[in-house]
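Undergrad: return a 3D structure for these sequence lines:
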Amino acid sequence: QVQLVESGGGLVQAGGSLRLSCAASGTLSSINIMGWYRQAPGKQRELVATIVRNGYKNDGPKYADSVKGRFTVSRGNAQNTVYLQMNSLKPEDTAVYYCYLQNSWSGVKYDYWGQGTQVTVSS
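TA: Down below sits the predicted model:
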C-alpha cells in the first residue's frame, strides 16, 4: 500500500519562501506522476505542479499558470520523493497543499494523496 507523507508547511510573510517535501512508501510504477495540489477554503482542489517519472528520466514539469516562475517542482534522487520550492509567496497561495502520486499498472491508474500540509502567507 502506498503512503505519502508531507512536511514543510508553515506560516510565512508575503515575498518569502517555503519548501515542501513528500516521501512515498510502497512500490512506484516505472511510469508515475508525483506532484502537488492545493485547496483553499471554499475552493476546489487545484493542480499546482506535477512531474512525470518515465523509466530512468523525469519528463517536463507541469505548472499552474498562477505559480509559473515562482514555484519549482523536483524529484529526489531516490525518485520516491518530490519537492516543491515556493518563492515570492503571495497571500493567495494560502491553502492546504496535498502531495499526489499516480501509479500506472497495466494501463490502470491509481491515485494517492497525502494528508495535506497547511501553507499560510500573511500580507
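
Undergrad: any buried residues in the lowest-mean-pLDDT helix or strand in the chain, and which?
TA: For the chain, the helix or strand with the lowest mean confidence is strand 57-63, at a mean of 87 (criterion: mean pLDDT, DSSP states H and E). By 16 or more other Cβ atoms under 10 Å, the buried positions in strand 57-63 come out as 61, 63. C-betas here are computed from N, CA, C, even on glycine.

Undergrad: and the top strand by length along the chain, what does it pack onto?
TA: Identified as the longest strand of the chain according to DSSP state E is strand 95-105. Packing partners of strand 95-105 (3 or more Cβ pairs under 8 Å, 6 or more residues apart in numbering; DSSP states H and E): strand 3-7, strand 18-25, strand 31-39, strand 108-113, strand 117-122.

Undergrad: mind listing what it pairs with, with the direction of each?
TA: The strands beside strand 95-105 in its sheet (DSSP bridges) come out as strand 31-39 (antiparallel), strand 108-113 (antiparallel), strand 117-122 (antiparallel).

Undergrad: nearest to residue 9, out of those strands?
TA: Of all these, it is strand 117-122 that lies closest to residue 9, at 3.4 Å by Cβ to Cβ.

Undergrad: send me the closest one as PDB with only the CA atoms.
TA: Taking Å, rounded to 0.1, in the frame of the first residue of the first chain, the C-alpha atoms of strand 117-122 are listed here in PDB:
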ATOM      1  CA  THR A 117       0.100  20.400   4.900                       C
ATOM      2  CA  GLN A 118      -1.000  24.000   5.700                       C
ATOM      3  CA  VAL A 119       0.700  26.900   4.000                       C
ATOM      4  CA  THR A 120      -0.300  30.300   5.200                       C
ATOM      5  CA  VAL A 121       1.100  33.500   3.600                       C
ATOM      6  CA  SER A 122       0.500  36.700   5.600                       C
END
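
Undergrad: let the chain start at 35 from now.
TA: OK, 35 is where the count begins now, so the last one is strand 151-156.

Undergrad: which residues are in contact with that strand?
TA: Strand 151-156 has contacts (Cβ atoms under 8 Å, 6 or more residues apart in numbering) with 40-48, 50, 52, 54, 72, 120, 123-131.

Undergrad: centroid residue for the protein?
TA: Centroid-nearest residue in the chain: residue 70, 2.1 Å away (criterion: Cα atoms, centre = their mean).
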